Each structure stands twice: as C-alpha cells, then as structure tokens.
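Engineer: Sequence first, then the predicted structure:
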Amino acid sequence: MSESNSKSSLRPRFCPQCGAALVTGYDGERERRGCRHCGWIYDPSPIVEVIAVIEHSDGRIVRLHDDQMPLPHDQLRWGEAPDEAAVRVAAMATGLRLSDPRFLGFIQTRDTSDADCFVLTFCYVLQSEGQPPMVAGAELARLREMPQRAGERERYALDAYRAWLDRH
Ligand SMILES: [Zn+2]
C-alpha cells in the first residue's frame, strides 16, 4: 500500500457525531472536510517539517541540486525541537558544521498526496562554520541564483530569509 493510500484510509468518511457522510466544502475562509448536518469539522494532524537556509560567511547560501526543493528539509522527529531539527537536517544534507539557528517563520501548505492533510513547515537560517567540505549535490549560491521553479514552501523560506536580511 502506498503512503498516500494509507493516509487516505485514515480520513473519516462519516461524521463521528451524527453518522452523516462527510463532505469537503468551502467555509468562507478555506476548504474543510466536515458534516453538513451537525457542523462537525475534520481537523487532520499536520505533517511537521523544517526547512534550513544555510548561510556561509561570504553571504552565499547552500543550494541543493533539486530545482523544486533547493533547500534542505525533513520532517520533525518525535521529541525534537524545531531548531534542533533544522541543524540535523542541514548537517545531513551538506556535511557542514552548523550553528546559531534563527527562526524565520512558518507556513502551512496542503499535502500534495492528500488534499485533506496539511504540512506545517518551520523555516530557519543557520550559519555554516569554516570552509565547506560539502557533499555531492550541494553547492554555494547567491540568493538571486536560487531556482525560480522552487516549491511553495521553499519560496516562502527564501522570502522570509530576504526579510530577515533586511532587518540584520
Ligand atoms: Zn454530523
């Protein structure tokens, strides 16, 4: 069974309060799954992930060789603080020693494999220490050299990083 199938099978089809079939509708603000009869709303648990913008001392940042996902990212582990996760994720993707994670902001997006689920992404900027002996698949790039085709979360992280630079 694929991941998306197993997730979809967890999605309730009937209202736990009155038993009516659930529908996906627009509540005036956003799309939600819920019950037209009694008003019960299905709130899925978010997938929580972190994205890391890794800043080198010369002002360049780490770009991964993936135009959709040019920044290191991964899901949060149980018991892990988001800033710890950012350091782990960034170190795993690059082999760099990293310090000083600073929170840039967060974004909620739809899960591409299940429209009822959503992803909560915490974005951090980190400093790389020393010269990078970086792994294959990662390089240093100017902010303007980051790919235009980056995904929604990556674009948000880069915009939040730009705003952070303006304040520092
Ligand atoms: Zn109901």
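Structural biologist: That came in fine, so what should we check first?
Engineer: ranges for the helices of this structure?
Structural biologist: 3-10, 82-94, 152-167 (DSSP state H).
Engineer: of those, which approaches G137 most closely?
Structural biologist: helix 82-94 (8.2 Å; CB to CB). Where you see a C-beta, it was placed from the backbone N, CA and C, and this is true even at glycine.
Engineer: Extract the C-alpha set from that closest one and format it as CSV.
Structural biologist: The C-alpha coordinates for helix 82-94 follow below in CSV (Å, rounded to 0.1, in the frame of the first residue of the first chain):
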residue,chain,number,x,y,z
PRO,A,82,12.3,22.6,15.6
ASP,A,83,15.7,24.4,15.8
GLU,A,84,17.4,21.1,16.6
ALA,A,85,15.7,19.6,13.6
ALA,A,86,16.9,22.4,11.4
VAL,A,87,20.6,21.8,12.5
ARG,A,88,20.2,18.0,12.0
VAL,A,89,18.5,18.4,8.6
ALA,A,90,21.1,20.9,7.3
ALA,A,91,24.0,18.8,8.6
MET,A,92,22.7,15.6,7.0
ALA,A,93,22.2,17.3,3.6
THR,A,94,25.5,19.0,3.5
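Engineer: helices or strands up against it?
Structural biologist: Under the contact criterion of 3 or more CB pairs under 8 Å, 6 or more residues apart in numbering; DSSP states H and E, helix 82-94 touches strand 47-55, strand 61-64, strand 73-75, strand 98-111, strand 114-128.
Engineer: re earlier: for the ion, find the nearest of the helices of the chain.
Structural biologist: The closest of these to the ion is helix 3-10. By CB to the ion, the value is 18.5 Å.
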